[in-house]
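> I would like to see how this sequence folds:
(one chain, ligands or ions: 2)
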Amino acid sequence: MGSDSARSHPDHVEHPSGVRVWPRNVHRGPEGGLKVGALSLDRIADQFGTPAFVLDEAEFRGRCREFRDAFPEAKVYYAGKAFLCRAVAAMAHQEGLGVDVCSGGELTVALSAGVPPETITMHGNNKSLEELERATALGVGTIVVDSFEEVARLTAIARRRGVRPGVMVRVMPGVEAHTHELVATAHDDQKFGLSLRDGSAEAAISGIISDGVLQMRGLHCHVGSQIFDSSAHELAATRVLALYARFGMPDGGPWPELNLGGGFGISYTTAEEPVSLCDFAAALEKVIGQECATLRIPHPQLVIEPGRAIVGPSMLTLYRVGTVKPRPGLRTYVSVDGGMSDNIRTALYDATYTATIANRTSTVAPVPTRVVGRHCESGDIVVREARLPGDVRSGDLLAVAATGAYCRGMASNYNHTPRPPVLAVNHQGVRAVVRRETDADLMNLDVGP
Ligand SMILES: Cc1ncc(COP(=O)(O)O)c(C=O)c1O
Ligand SMILES: N[C@@H](CCCC[NH3+])C(=O)O
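Ligands and ions are numbered 1, 2, ... in the order given. This next block holds a predicted model:
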């Protein structure tokens, strides 16, 4: 997605491969430190402190547009679970995307950012009654139903209110996606959706149609996350389209949409290279077209829900190095002022990341390094295998690339640690779009003995 910057690359080590892991406006300035556009990360750290997430707004917006260009016929929803705040919800909306939410809290953020309810899709495998009532009352565009209980609850709400909410049935197509087992969501032995294999998807669809209370907008499936090629999406589309054919889709209706979820992978290191978005889209469209022709059904409106591939590469995390411990014969341990409370992905999924010194360059040879956090846990690792110059020292700034997705969003207050801010940079400068949490914020929740 996008080409490498012609400017000085943040890390010469990764340059030859051509894989870009840093946001498009990040480059090394002539004095050696990293900059986002015209702003040095050094200055940002002085102004806002560390750790901090830094969002390159142009990267975020550019990626929204790249999805729209690669899938010109599709509806694109930004999956807010990857990272949501009012500023990014507004950016996604301004770029012509809808927003996919999976909780009442995410719904509140999207609405208060001015995202129209009809451009919101609501997910969740165990939505509360209150969430269903609220989504129905607000006229949320699509509620993706995930269980028989939910179909019954939503049907009762719709009857009582005398409305016809738009729904999709989340189908579990029985596809094994090539990704970490904790982020694969379309195989049989997991919690999301209604199964194709045991007939529950078909039963739920029949029930909704015969009741006629809910308005069927189509079928949904999501094969998993951090997926590098289109094969799992293609297989899922094929299986779900067979359901369209079984239930008939006269003249393009009554189910106009086929939602294939998100899952588009990104490069966390130069060793990881997903297929280009255009190739992904072309392959998927081809299979859907062929399948519709074979099944003699109209081509449904394609819907996708990318999260990671929009916000992930748009952010970096800026840390300050506190301690450096060389362990001869093993590696150097570099401790930063954040850790698993702002990035749980390394501990949870064995995720890989790229780190570089952000305040200067160094000519010292890289040594095997592990970037660790400040938490009371030996698994508190930010970058398991980093290659940082042997002279990395206390006081240096460290930037970790591609931390926009599922890092701030999954951040915790472990060890009573306030969560970092999100600082958005555009041509006008830098602003906090999420401020830093304070000790006072945390103490406010503690009602005392
Ligand atoms: C239903 C649904 N849609 C979209 C997404 C976004 O996925 P990704 O961030 O991998 O694009 C997810 C998360 O995996 C999801 O569960
Ligand atoms: N949290 C996961 C992705 C989950 C996607 C949501 N269904 C990750 O960081 O990779």
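> show me the residues around residue 217 that make contact.
142, 166, 167, 168, 255, 256, 257 (Cβ atoms under 8 Å, 6 or more residues apart in numbering). No exception for glycine: its C-beta is placed from N, CA and C like everyone else's.
> next one: residue 63
Counting by Cβ under 8 Å, 6+ apart, residue 63 has contacts 1, 309, 310, 311, 313, 314.
> and the fifth one, how many neighbours does it have?
For residue 313, the count of nearby residues is 28 (other Cβ atoms under 10 Å).
> before we move on, the earlier item: looking at the contacts of residue 63, which is nearest ligand 1?
residue 309 (5.8 Å; Cβ to the nearest ligand atom).
> Assumed the closest one was part of a helix.
Yes - assessed with DSSP: H, G, I helix; E, B strand; the rest coil, residue 309 lies in a helix.
> Count the residues that sit near it.
Neighbour count for residue 309, taken as other Cβ under 10 Å: 27.
> Test my guess that it contacts residue 266.
Yes - the criterion here is Cβ atoms under 8 Å, and residue 309 meets it with residue 266 at 5.5 Å.
> In the protein, where is pLDDT below threshold?
1-17, 185-186, 248-255 (pLDDT under 70).
> which strand is the longest one in it?
Once the chain is assigned using DSSP state E, the strand that runs over the most residues is strand 315-327.
> which of the contacts of residue 63 sit farthest apart?
1 and 311 (12.9 Å; Cβ to Cβ).
> Comparing those two, which shows the higher neighbour count?
residue 311 (32 against 21).
> could you measure the more buried one against ligand 2, distance?
Distance, residue 311 to ligand 2, using Cβ to the nearest ligand atom, to the nearest Å: 11 Å.
> What sits closest to that residue if chain neighbours are left out?
residue 404 (4.0 Å; Cβ to Cβ, 6 or more residues apart in numbering).
> again, but for residue 395
Nearest one to residue 395, counting by Cβ to Cβ, 6+ apart, is residue 321 at 6.5 Å.
> pull the longest helix from this protein.
For the chain, the helix reaching the highest residue count under DSSP state H is reported as helix 277-295.
> hmm, the helix or strand following that helix touching ligand 1?
Using DSSP states H and E, the helix or strand that follows helix 277-295 towards the C-terminus is strand 301-304. No - applying Cβ under 6 Å from any ligand atom, one finds strand 301-304 separated from ligand 1 by no less than 8.4 Å.
> what do you get for stretch 217-233?
Yes - judged by Cβ under 6 Å from any ligand atom, stretch 217-233 comes into contact with ligand 1 at 222, 225.
> Report the buried residues of that stretch.
Of the residues in stretch 217-233, 217-228, 230-233 count as buried by neighbour count, 16 or more other Cβ atoms under 10 Å.
> now the end-to-end length of that stretch.
20 Å (Cα to Cα, to the nearest Å).
> contacting residues for the closest residue to ligand 2 within the chain?
At 3.1 Å from ligand 2, residue 406 is the closest residue in the chain, using Cβ to the nearest ligand atom. Going by Cβ under 8 Å, 6+ apart, residue 406 touches 81, 82, 83, 308, 312, 345.
> would you list those residues in JSON lines and tack on secondary structure, distance to ligand 1 and neighbour count?
JSON lines is the format used below for the contacts of residue 406 (DSSP: H, G, I helix; E, B strand; the rest coil; distance: Cβ to the nearest ligand atom, whole Å; neighbours: other Cβ atoms under 10 Å):
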{"residue": "81", "secondary structure": "coil", "distance to ligand 1": "6", "neighbour count": "21"}
{"residue": "82", "secondary structure": "coil", "distance to ligand 1": "5", "neighbour count": "25"}
{"residue": "83", "secondary structure": "coil", "distance to ligand 1": "10", "neighbour count": "29"}
{"residue": "308", "secondary structure": "helix", "distance to ligand 1": "3", "neighbour count": "24"}
{"residue": "312", "secondary structure": "helix", "distance to ligand 1": "8", "neighbour count": "27"}
{"residue": "345", "secondary structure": "helix", "distance to ligand 1": "12", "neighbour count": "21"}
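> Could you single out the nearest of those to residue 59?
Distances from residue 59 to those, taken by Cβ to Cβ, are shortest for residue 312, at 9.8 Å.
> what residues are up against that closest one?
82, 266, 402, 403, 404, 405, 406 are the contacts of residue 312 under Cβ under 8 Å, 6+ apart.
> Could you measure from it over to residue 387?
22 Å (Cβ to Cβ, to the nearest Å).
> Same check on residue 141?
Relative to residue 387, residue 141 is positioned 47 Å away (Cβ to Cβ).
> More neighbours: those two, which one.
residue 141 (20 against 17).
> list the contacts for residue 237?
Here residue 237 is in contact with 258, 260, 284, 287, 288, 291 (Cβ under 8 Å, 6+ apart).
> With respect to residue 302, which of these is nearest?
After measuring the contacts of residue 237 against residue 302 - Cβ to Cβ - the closest member comes out as residue 258, at 5.7 Å.
> Would you mind naming the helix or strand containing that closest one?
strand 257-259.
> wait, does that strand contact ligand 1?
No - Strand 257-259 lies apart from ligand 1 when judged by Cβ under 6 Å from any ligand atom; the minimum separation is 8.2 Å.
> Neighbouring strands of that strand in the sheet, and parallel or not?
Strand 257-259 has the following strand partners under DSSP bridges: strand 215-220 (parallel), strand 301-304 (parallel).
> Going along the chain from the longest one, find the next helix or strand for me.
Going down the chain from strand 215-220, the next helix or strand is helix 231-247, by DSSP H and E.
> just how off-centre is that next one within its chain?
Here helix 231-247 is found 24 Å from its chain centre; the criterion is Cα atoms, centre = their mean, to the nearest Å.
> buried ones in that helix?
Of all the residues in helix 231-247, those buried under the rule 16+ other Cβ under 10 Å are 231-241, 243-244.
> Tabulate the residues you listed (TSV), appending distance to ligand 2.
Listed next are those as TSV, based on distance: Cβ to the nearest ligand atom, whole Å:
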residue	distance to ligand 2
231	19
232	14
233	15
234	20
235	19
236	15
237	18
238	22
239	19
240	18
241	23
243	22
244	24
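> out of these, who's nearest residue 37?
residue 233 (34.6 Å).
> contacting residues for the closest one?
Counting by Cβ under 8 Å, 6+ apart, residue 233 touches 223, 227, 260, 263, 280, 284.
> ok, now which ones touch the first one?
Think residue 223. Residue 223 makes contact with 173, 175, 177, 184, 185, 186, 232, 233, 236, 260, 261, 263 under the criterion Cβ under 8 Å, 6+ apart.
> hang on, isn't the second one packed against residue 187?
Yes - counting by Cβ under 8 Å, residue 175 does reach residue 187; the two are 6.6 Å apart.
> The two: who's more crowded?
Shown here are residue 175 and residue 187; by other Cβ under 10 Å, residue 175 has more neighbours (24 against 17).
> Name the SS class of that one, please.
Secondary structure, three-state DSSP: residue 175 is coil.
> can you give me the helices for the stretch 51-200 of the chain?
57-70, 86-94, 104-112, 129-138, 148-161, 200-211 (DSSP state H, counting those that start in this stretch).
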